[in-house]
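Undergrad: 3D, please:
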Amino acid sequence: MSLTTTQVQPKVTVETPIGRPPSPPRAHHLALRIFLIAAGAAFVVLSIIALVRWWKEAHTAPRYITAPVVYGDVQASVQETGTVNPVDEVQVGTQVSGTIASIAADFNDTVRKGQVLAVIDPTSFQDAATQAQGQLSAATANALQMQANVTSAQANVLKAKSQLALSQRTLGRDRQLVAGGYISQSQFDTDSAANDANVQAAAGAAAGLDVARDQLAAAQAQVNSARAQLESANYNLERTVIRSPIDGIVVSRNVSVGQTVAASFQTPTLYVLATTLQNMQIDTSVGEADVGELSVGQSATITVPAYPNVNFQGVVKQIRINPIVTNNVVTYDAIIAVGDVTGRLKPGMTANVAIHIASRRHVLTVPTAALLYRPAQGPSSGANVAGTAVAGAPGSRTTIWVLRGGKPVPLTAIIGPSDDTKVEIRNGELRAGDQVILGTRQQQAPRTINGFGPARG
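TA: So this is what the prediction gives:
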């Protein structure tokens with residue numbers, strides 16, 4: 001019987017060297033760990049990219065400037081500038097030339113009609129009047145002499161007619177006597193010659209009377225001429241005293257004592273008078289685009305730089321149809337009557353005039369800037385109001401953009417009058433409370449480095 005000896009070997013643990021493939025369970029856990037790490041890194045990268053994109057969009061997206069649609073009052077007006085002038089202004093001149101001898105009225109003086117304003121040296125005019133008076137006296141004396149000559153000529157005519165009548169009767173008797181032989185033929189011839197002489201004398205007397213009458217007419221004409229010269233001289237003498245033609249106030253005095261004025265070709269202006277400074281008018285120039293909105297009787301508000309906090313009230317008095325063309329620009333004069341019992345308005349002041357052409361109470365309104373907004377076509381910076389002006393006359397149809405859900409939405413509306421701040425909405429899709437877009441405020445995208453975050457420094 002053989003014996004089998006079994007030798008028990010001790011258990012030895014052998015470690016796997018580095019670089020040798022692990023056992024299957026340990027490889028699975030390592031792959032899972034690597035996947036989780038890669039997924040986490042990808043999530044972080046995507047989160048950073050999304051954050052950067054959100055940050056950029058938040059700083060470049062347009063920020064809309066909006067205003068609500070509300071009910072309000074609209075006072076439409078035409079804004080113009082003009083000059084303050086007196087309603088009635090008179091320029092006082094002179095019809096004669098000479099040297100100013102005295103001044104009787106000065107600036108701001110109140111004068112009455114007929115009151116002496118100034119006196120021109122009357123010496124030469126007095127001499128002319130005296131000379132004209134002498135010529136009239138001489139002409140009058142000559143006319144009286146001619147009248148006497150006419151009277152004498154008339155007497156001569158009567159005498160000649162009497163002698164002619166006597167000689168004619170004598171000649172008639174002589175014809176009978178010579179036929180009966182009572183007188184000689186020589187006596188008849190003598191009486192006949194005397195009759196012929198009387199005929200000539202009568203004709204000569206009549207001619208002399210005609211001449212005397214003509215001379216009298218000429219003398220009377222000389223009298224009339226001398227009288228007219230005297231009246232002219234006296235008229236000029238009276239015009240050396242400059243008098244006020246109206247009741248009013250002296251606005252301007254353009255002469256001084258000793259100054260020579262010449263009225264040869266153009267009447268010089270010595271004074272400018274105004275009837276009153278309590279009733280004034282504003283002369284404005286209205287463009288042809290606005291003149292169709294004006295009508296006589298419309299109210300107006302006037303301000304002047306001298307009293308910036310005072311509103312003067314006026315009325316459109318006249319719209320003149322005469323066009324004024326300056327550099328191809330057509331304007332029309334509109335006269336605004338304004339009362340000022342305090343006398344604060346002075347001639348020549350610059351006036352700002354607002355002529356009220358329409359008034360609306362408690363109507364739907366939007367700011368006028370809403371009529372101008374259009375969405376921008378490209379990126380921009382700062383405050384932006386895009387598009388072209390679309391504001392038109394009352395009754396025009398336009399598009400207004402409102403903000404709904406953060407997005408601009410166009411709505412159609414029919415506009416009414418505007419006061420340059422807000423405009424009436426007569427009809428359309430707008431409702432009270434809608435937020436109309438006035439413009440956008442955008443910011444430039446910040447500078448980035450490789451698309452990740454803003455650059456510093």
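
Undergrad: partners of the strand ranked longest in the chain in the sheet?
TA: Looking across the chain with DSSP state E, the single longest strand is strand 307-326. Here strand 307-326 has these sheet partners by DSSP bridges: strand 299-304 (antiparallel), strand 329-339 (antiparallel).

Undergrad: so Asn108 makes contact with Val250?
TA: Yes: Asn108 is in contact with Val250 according to C-beta atoms under 8 Å; the separation is 6.2 Å. Heads up, the C-betas are built off the backbone N, CA and C, glycines and all.

Undergrad: show me which of those two is the more surrounded one.
TA: Using other C-beta atoms under 10 Å, the more surrounded residue of Asn108 and Val250 is Val250, with 19 against 10.

Undergrad: spit out the contact partners of that one.
TA: Contact partners of Val250, counting by C-beta atoms under 8 Å, 6 or more residues apart in numbering, are 105-111, 117, 271-273.

Undergrad: from the residues you listed, which is closest to Phe125?
TA: Within the contacts of Val250, proximity to Phe125 (C-beta to C-beta) peaks at Leu117, which comes in at 17.5 Å.

Undergrad: which helices and strands sit right next to the strand or helix carrying the closest one?
TA: Per DSSP states H and E: Leu117 is located in strand 116-120. Applying 3 or more C-beta pairs under 8 Å, 6 or more residues apart in numbering; DSSP states H and E, we find strand 116-120 packed against strand 98-103, strand 241-243, strand 269-274.

Undergrad: okay, helices next: where are they in the stretch 51-200 of the chain?
TA: With DSSP state H, counting those that start in this stretch as the criterion, the stretch 51-200 of the chain has helices at 123-180, 185-238.

Undergrad: what is the mean pLDDT for the longest one?
TA: What that stands for is helix 123-180. For helix 123-180, mean pLDDT is 89.

Undergrad: could you list the buried residues of the strand holding Leu117?
TA: 117-120 (16 or more other C-beta atoms under 10 Å).

Undergrad: next one: stretch 76-93
TA: 76-78, 80, 82, 84-87, 89-90, 92.

Undergrad: need the residues you listed in JSON lines (columns: distance to Leu230 and pLDDT).
TA: Formatted as JSON lines, the buried residues of stretch 76-93 follow (distance: C-beta to C-beta, whole Å; pLDDT from 0 to 100):
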{"residue": "Ala76", "distance to Leu230": "67", "pLDDT": "89"}
{"residue": "Ser77", "distance to Leu230": "63", "pLDDT": "89"}
{"residue": "Val78", "distance to Leu230": "60", "pLDDT": "91"}
{"residue": "Glu80", "distance to Leu230": "56", "pLDDT": "93"}
{"residue": "Gly82", "distance to Leu230": "51", "pLDDT": "95"}
{"residue": "Val84", "distance to Leu230": "47", "pLDDT": "96"}
{"residue": "Asn85", "distance to Leu230": "42", "pLDDT": "95"}
{"residue": "Pro86", "distance to Leu230": "39", "pLDDT": "94"}
{"residue": "Val87", "distance to Leu230": "41", "pLDDT": "92"}
{"residue": "Glu89", "distance to Leu230": "36", "pLDDT": "91"}
{"residue": "Val90", "distance to Leu230": "30", "pLDDT": "94"}
{"residue": "Val92", "distance to Leu230": "27", "pLDDT": "95"}
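
Undergrad: nearest to Ser192, of the buried residues of strand 116-120?
TA: Nearest to Ser192 among these, with distances taken as C-beta to C-beta, is Ile120, at 76.1 Å.

Undergrad: which stretch among the helices of the stretch 51-200 of the chain comes nearest Tyr71?
TA: Nearest of those to Tyr71, taken as C-beta to C-beta: helix 185-238 at 71.3 Å.

Undergrad: tell me which residues touch the closest residue to Val291 other than its chain neighbours, please.
TA: Nearest residue to Val291, sequence neighbours excluded (C-beta to C-beta, 6 or more residues apart in numbering): Tyr332, at 4.9 Å. Residues near Tyr332 by C-beta under 8 Å, 6+ apart: 285-286, 288, 291, 319-324.

Undergrad: max pairwise distance over those: which two?
TA: Farthest apart among these - using C-beta to C-beta - are Ser285 and Ile321, which lie 13.9 Å from each other.

Undergrad: compare neighbour counts for the two and give me the winner.
TA: Neighbours were counted for Ser285 and for Ile321 using other C-beta under 10 Å; Ser285 has more, 17 against 8.

Undergrad: the more buried one is in contact with Val291, isn't it?
TA: No: Ser285 is beyond contact range of Val291, at 9.9 Å (criterion: C-beta under 8 Å).

Undergrad: tell me, what's touching these two both at once?
TA: 332, 334.

Undergrad: my guess is Ser152 contacts Ala212. True?
TA: Yes: counting by C-beta under 8 Å, Ser152 touches Ala212, with 7.3 Å between them.

Undergrad: the helix or strand of the chain with the lowest mean pLDDT: what's the following helix or strand?
TA: Least confident helix or strand of the chain, by mean pLDDT, DSSP states H and E, is strand 382-384 with a mean of 40. Counting by DSSP H and E, the next helix or strand C-terminal to strand 382-384 is strand 397-404.

Undergrad: residues contacting that next one, please?
TA: Outside strand 397-404, the residues that touch it by C-beta under 8 Å, 6+ apart are 64, 66, 366, 370-371, 373-375, 390-392, 408-415, 428, 430, 434-437.

Undergrad: alpha carbons only: can I get that strand in CSV?
TA: C-alpha atoms of strand 397-404 as CSV (Å, rounded to 0.1, in the frame of the first residue of the first chain):
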residue,chain,number,x,y,z
ARG,A,397,-54.7,108.6,-41.6
THR,A,398,-51.5,107.5,-40.0
THR,A,399,-49.8,104.5,-38.3
ILE,A,400,-49.0,104.5,-34.6
TRP,A,401,-46.9,101.8,-32.9
VAL,A,402,-48.0,100.4,-29.6
LEU,A,403,-46.1,98.0,-27.2
ARG,A,404,-47.9,94.7,-26.7
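
Undergrad: can you give me the buried ones in it?
TA: Here strand 397-404 shows 398, 400-402 as buried, counting by 16+ other C-beta under 10 Å.

Undergrad: number of nearby residues for the closest residue to Ala197 other than its chain neighbours?
TA: Leaving out its chain neighbours, the residue that sits closest to Ala197 by C-beta to C-beta, 6+ apart is Ser167, at 7.8 Å. Burial of Ser167 is recorded as 21 neighbouring residues (other C-beta under 10 Å).

Undergrad: contacts only, for Ser167.
TA: 191, 194-195, 197-198.

Undergrad: let's see it at 7 Å
TA: Shown in contact with Ser167 (C-beta atoms under 7 Å, 6 or more residues apart in numbering): 191, 194-195, 198.
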